[in-house]
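> Provided below for reference: sequence and predicted model.
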Amino acid sequence: MIEIIPAIDLIGGKCVRLKQGDYGNLKQYSEEPVQMAKDFESAGVQYLHLVDLDGARDFRLQNYRVLEKIASGTGLSIDFGGGVRNEIDVRRILDAGAERVNIGSLAVKNQPLFREILENYGPKRIVLAADSRKGRVQISGWKEDGGMDLMKLLEDYLKAGGYYAAVTDIDKDGMLEGVSAVFYRSLVKSFTDLRIIASGGVASFDDIKALESSGVFGVIAGKAIYERRITLDQISNYLKT
């Protein structure tokens, strides 16, 4: 069974979604991310993907207070990312209640430091956030080309002892046009020792089933849930099977 991981993306402490990472194309869905997280938990969800979009854009951790509230108010296993610059930020996120820290830009800009963090905290506490547009890694809230191919980044991460890799297909993200199951199947085949988490393009429960057949560990879903193309009842029923 694939892990369904709802996403809460934060700007100014509010739940929003972007299209293809475009901060100018934003839609707000809720001013109460804590209640939203509780609703997910009530549906039987165990994992939550929490993203500090302010932090990702400004490369500076900002919305960790929301993390504290969700972590103290639910039993969800939370991964948190966006704006992680150093080991102090990693420690702050874990102390605030996250189970895992997503690291994207830092893993590209400062690979020695990223490997040091991975070694110090262990592979099951650090998730590589590999954001890709047409096979190229994107960083800084998807505003910059990272200067390397996705496959190379994943290879380096695996060699360093990595475990989880959340791979976002930016061209699909927020578009509700369906997922690239073939793309993720190829990643699973190429990196059998990584737990691949798919993100971007989920439009219906059929997409989740397609990703399940591809062999990925989990799928991050956001806009499809908020637009009610995937209901919490569907998620709950699936998780009970």
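Yep, that arrived.
> who's in contact with the residue nearest to H49 when sequence neighbours are not counted?
Excluding its sequence neighbours, the residue lying closest to H49 (Cβ to Cβ, 6 or more residues apart in numbering) is A7, at 4.3 Å. Where C-beta positions appear, they are placed from N, C-alpha and C, glycine not excepted. Listed by Cβ atoms under 8 Å, 6 or more residues apart in numbering, the contact partners of A7 are L48, H49, L50, V51, S199, I220, A221, G222.
> between the residues you listed, which sits nearest Y29?
Minimum distance to Y29 across those is 9.0 Å, recorded for G222 (Cβ to Cβ).
> and the gap between the residue nearest to H49 and F114?
23 Å (Cβ to Cβ, to the nearest Å).
> tabulate the CA atom coordinates of stretch 155-172 in CSV.
Output of stretch 155-172 as CSV, limited to C-alpha atoms (Å, rounded to 0.1, in the frame of the first residue of the first chain):
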residue,chain,number,x,y,z
GLU,A,155,23.0,9.2,-7.3
ASP,A,156,25.1,11.4,-5.0
TYR,A,157,22.4,11.2,-2.3
LEU,A,158,22.3,7.4,-2.5
LYS,A,159,26.1,7.2,-2.2
ALA,A,160,26.0,9.4,0.9
GLY,A,161,23.6,6.9,2.5
GLY,A,162,20.3,8.5,1.7
TYR,A,163,17.0,6.8,2.4
TYR,A,164,14.0,9.1,1.5
ALA,A,165,13.8,11.2,-1.7
ALA,A,166,10.8,13.4,-2.3
VAL,A,167,10.8,14.0,-6.1
THR,A,168,8.6,16.8,-7.4
ASP,A,169,7.7,17.0,-11.1
ILE,A,170,7.4,20.8,-11.3
ASP,A,171,5.8,20.8,-14.7
LYS,A,172,2.9,18.8,-13.2
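> for the chain, what spans make up the helices?
For the chain, helices defined by DSSP state H occupy the ranges 33-42, 53-58, 64-73, 87-95, 105-109, 111-121, 150-159, 181-190, 205-214, 223-226, 232-240.
> with mean neighbour count, mean pLDDT and distance to F80 added, can I get the ones you listed in TSV?
Output for the helices of the chain, formatted as TSV (neighbours: other Cβ atoms under 10 Å; pLDDT from 0 to 100; distance: least, Cβ to Cβ, whole Å):
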stretch	mean neighbour count	mean pLDDT	distance to F80
helix 33-42	18	97	12
helix 53-58	21	88	10
helix 64-73	19	96	5
helix 87-95	17	97	5
helix 105-109	23	91	14
helix 111-121	16	97	13
helix 150-159	18	96	19
helix 181-190	16	94	23
helix 205-214	19	94	22
helix 223-226	22	92	19
helix 232-240	14	94	21
